[in-house]
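> the following comprises the amino acid sequence and a computationally predicted model.
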Amino acid sequence: MITHYDMMTGEVIEDESRGHAEAGVVRPDETAAPRLLTVQEAAAIQKPGPRLPADVAVLPVDTLIARWS
């Protein structure tokens, strides 16, 4: 059982779902089946990779190797 408190007064907040015993129960036929993401969903959750500054393109390869090695 979880007890909720009012952060300002410290009083106990009555649980509204106490009278509804079936409110938190998930029926087996309602559970989500695992599936693969669509291309649009996968693209939406990907974070862009780190961007390199534009001046890196004009540096010699030796400088790049020395800097990131």
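Received it, and whenever you're ready, just let me know what you need. The shown structure was predicted, so the numbers you read here are calculated from the model rather than taken from an experiment.

> run through the residues that contact residue 63.
For residue 63, no residue counts as a contact, taking CB atoms under 8 Å, 6 or more residues apart in numbering as the criterion. For every residue, glycine as well, the C-beta is placed using N, CA and C.

> need the pLDDT of it.
On pLDDT, residue 63 comes in at 86.

> so what's the residue count around residue 69?
Residue 69 is flanked by 5 other residues according to other CB atoms under 10 Å.

> quick one: it from residue 63, how far?
11 Å (CB to CB, to the nearest Å).

> one more: residue 56?
9 Å.

> tell me the first helix or strand C-terminal of the helix or strand bottoming out on mean pLDDT in the chain.
Lowest on mean pLDDT, DSSP states H and E among the helices and strands of the chain sits strand 4-5, with a mean of 84. Scanning forward in sequence from strand 4-5 by DSSP states H and E, the next helix or strand is strand 12-13.

> quick check: mean pLDDT of the helix or strand just after that next one?
Next helix or strand after strand 12-13 toward the C-terminus (DSSP H and E): helix 39-45. Across helix 39-45, pLDDT averages out at 92.

> just the C-alphas of helix 39-45, formatted as CSV.
This file holds the C-alpha atoms of helix 39-45, laid out as CSV (Å, rounded to 0.1, in the frame of the first residue of the first chain):
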residue,chain,number,x,y,z
VAL,A,39,10.9,3.5,-39.6
GLN,A,40,9.2,6.7,-38.5
GLU,A,41,9.2,5.7,-34.8
ALA,A,42,12.8,4.7,-34.9
ALA,A,43,13.8,7.9,-36.6
ALA,A,44,11.8,10.0,-34.1
ILE,A,45,13.6,8.5,-31.0
